[in-house]
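Asker: output the structure for:
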Amino acid sequence: MLERNIVSWTALVYGSVYKAWSVYEAMGFRNLVSWNFMIAGFQVYGCENRALELFSQMHFEIEVATALVKAYSRLGGEVSDCYRIFLELDGHQDVVSWTAIIAVFAERDPEEALLLFRQFLRQCLAPDHHMFSIVLKTYAGLATERHALTVQSHVLKVGFEEDTVLANALIHACARCGSIALSKQAFDKMGSHDIVYWNSMLKAYAMHGQGKEVLQLFSRMDAQPDGTTFVVLLLACSYAGMVEEGTKIFETMSNNHGIAPQPDHYTCMVDILGRAGRISEVKELIVKMLMEPDPVVWSALLGGCRKHGETKLAKLAAVKVKELDPNNSLGYILMSNIFCTDGHFNEARLISREMEGKTVRKEPGLSWIEVVNLLHEFVSRGQQHPEREAICARHE
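Answerer: Just a heads-up that it's a prediction; the model follows:
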């Protein structure tokens with residue numbers, strides 16, 4: 001064997017059944033494939049106990065344990081099981097295994113994920129760009145400026161500020177955490193900007209309702225805009241109530257840039273015109289759509305009808321939403337609110353009963369506040385906050 005690598009060793013195990021175990025023991029390094037070959041060999045020859053024994057040892061191999069952590073998570077396994085496998089590495093964890101366990105917690109317990117990240121840093125291990133991308137998304141979900149400052153300092157410290165993926169994630173995370181200034185700082189640090197960078201910064205401004213800044217930045221773009229660019233521009237116009245600007249952008253998208261409107265663009269325009277009470281223009285736009293309106297378009301129309309008392313058209317939109325997306329609570333709730341506003345309480349009750357009959361549930365509202373560096377989450381009708389009774393007592 002001229003060069004002993006994981007492939008050649010595994011091939012030898014597979015090709016030498018009777019000597020497989022001695023070959024396997026001689027392997028200085030193993031991966032998931034070689035483990036599986038050896039376990040399968042024991043099973044074929046009726047050595048089930050040896051197969052189980054070898055499987056239990058798999059947890060102590062770093063690559064295999066990491067693969068198991070990912071597999072448990074994908075199959076919906078308990079976080080505690082994933083963490084137990086991770087701990088079985090007993091001080092031999094590397095950046096890949098740390099990234100895997102942080103990713104598991106990021107999906108289900110973001111604050112615990114960040115505690116693990118800090119523990120990782122205390123062990124003087126160097127995070128890679130993949131770990132940072134997960135951590136940035138986690139920080140973005142917590143949405144406080146202190147978190148934005150923390151993650152920005154980590155990215156700068158290890159010199160990843162010019163990594164394309166991380167720079168965009170950092171712009172988004174800082175904007176979500178409430179700091180448009182930090183987003184702009186991350187954007188300005190990049191020497192050259194492609195369309196993804198421009199779109200990230202445009203989104204950051206739009207997220208904060210800064211419509212004029214969005215249009216100013218767009219006018220300075222030195223990259224060819226794409227469909228995403230125009231979705232962001234239209235969203236910004238919607239948030240800022242800039243109807244004429246939004247209408248002009250929608251027209252120039254196809255006329256000047258050759259980009260055909262997609263459902264997202266139509267939804268934005270329906271929202272812009274609907275908020276302004278220009279319902280007749282909304283109806284005309286929907287009729288002229290290049291594709292069938294989806295539930296999001298009808299929901300946007302429903303929102304405009306609610307705001308301006310267009311009950312008849314709202315009923316049509318609500319029917320369309322329920323037909324196209326029967327499990328979406330939005331159509332039911334908006335229509336119920338319209339009936340209540342008009343004083344038609346019996347009709348509103350009928351909608352509530354219809355929702356119950358179809359087991360359609362409204363997603364509970366969620367809000368949060370940071371007090372003394374601690375994030376407190378509150379869910380509508382929730383019972384989970386540890387100080388719930390004391391808080392409720394103060395408000396009675």
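Asker: surely L217 meets M201?
Answerer: Yes: using Cβ atoms under 8 Å, L217 is in contact with M201, at 6.2 Å. Glycine gets a C-beta too; all of them are placed from N, C-alpha and C.
Asker: neighbour count: these two, which is higher?
Answerer: M201 (27 against 19; other Cβ atoms under 10 Å).
Asker: all helices for the stretch 201-350 of the chain, in order.
Answerer: 211-219, 227-240, 243-255, 263-275, 279-287, 295-308, 311-324, 329-341, 345-357 (DSSP state H, counting those that start in this stretch).
Asker: so the third one versus helix 279-287, what angle?
Answerer: Spelled out, that is helix 243-255. Helix 243-255 and helix 279-287 are oriented at 20 degrees to each other (axes from the mean of the first three to the mean of the last three Cα atoms, to 10 degrees).
Asker: next up, the contacts around the closest residue to M291 other than its chain neighbours.
Answerer: Among residues not flanking M291 along the chain, P263 sits closest, at 6.7 Å (Cβ to Cβ, 6 or more residues apart in numbering). Under the criterion of Cβ atoms under 8 Å, 6 or more residues apart in numbering, the neighbours of P263 are M291, P293, D294, V296, V297.
Asker: buried subset of those residues?
Answerer: Among those, the ones that count as buried by 16 or more other Cβ atoms under 10 Å are P293, D294, V296, V297.
Asker: just the pLDDT for the residue nearest to the third one when sequence neighbours are not counted.
Answerer: To tie it back to what came earlier, the one meant is V296. Excluding the flanking residues, the one nearest V296 by Cβ to Cβ, 6+ apart is T267, at 5.0 Å. pLDDT, T267: 96.
Asker: with distance to T99 and pLDDT as new columns, can the buried ones among the contacts of P263 be given to me in a markdown table?
Answerer: Shown next, in a markdown table, are the buried ones among the contacts of P263 (distance: Cβ to Cβ, whole Å; pLDDT from 0 to 100):
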| residue | distance to T99 | pLDDT |
| --- | --- | --- |
| P293 | 42 | 94 |
| D294 | 36 | 94 |
| V296 | 34 | 93 |
| V297 | 39 | 95 |
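Asker: name the nearest of these relative to R176.
Answerer: V296 (21.7 Å; Cβ to Cβ).
Asker: surely the closest one is in contact with C268?
Answerer: No: assessed by Cβ under 8 Å, V296 is found out of contact with C268, at 10.0 Å.
Asker: how about a markdown table for the helices of the stretch 201-350 of the chain, with distance to I101 added?
Answerer: Formatted as a markdown table, those follow (distance: least, Cβ to Cβ, whole Å):
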| stretch | distance to I101 |
| --- | --- |
| helix 211-219 | 38 |
| helix 227-240 | 33 |
| helix 243-255 | 44 |
| helix 263-275 | 35 |
| helix 279-287 | 48 |
| helix 295-308 | 36 |
| helix 311-324 | 40 |
| helix 329-341 | 35 |
| helix 345-357 | 39 |
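Asker: and of those helices, who's closest to L114?
Answerer: With Cβ to Cβ as the criterion, L114 lies closest to helix 227-240 of these, at 28.5 Å.
Asker: pull the CA atoms of that closest one into PDB?
Answerer: This file holds the C-alpha atoms of helix 227-240, laid out as PDB (Å, rounded to 0.1, in the frame of the first residue of the first chain):
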ATOM      1  CA  GLY A 227     -35.200  40.700  -8.300                       C
ATOM      2  CA  THR A 228     -34.400  40.700  -4.600                       C
ATOM      3  CA  THR A 229     -33.200  44.300  -4.900                       C
ATOM      4  CA  PHE A 230     -36.600  45.400  -6.100                       C
ATOM      5  CA  VAL A 231     -38.400  43.400  -3.400                       C
ATOM      6  CA  VAL A 232     -36.400  45.300  -0.800                       C
ATOM      7  CA  LEU A 233     -37.000  48.700  -2.500                       C
ATOM      8  CA  LEU A 234     -40.800  48.100  -2.700                       C
ATOM      9  CA  LEU A 235     -40.900  46.900   1.000                       C
ATOM     10  CA  ALA A 236     -39.100  50.100   2.000                       C
ATOM     11  CA  CYS A 237     -41.600  52.200   0.100                       C
ATOM     12  CA  SER A 238     -44.400  50.300   1.800                       C
ATOM     13  CA  TYR A 239     -43.000  50.700   5.300                       C
ATOM     14  CA  ALA A 240     -42.400  54.400   4.700                       C
END
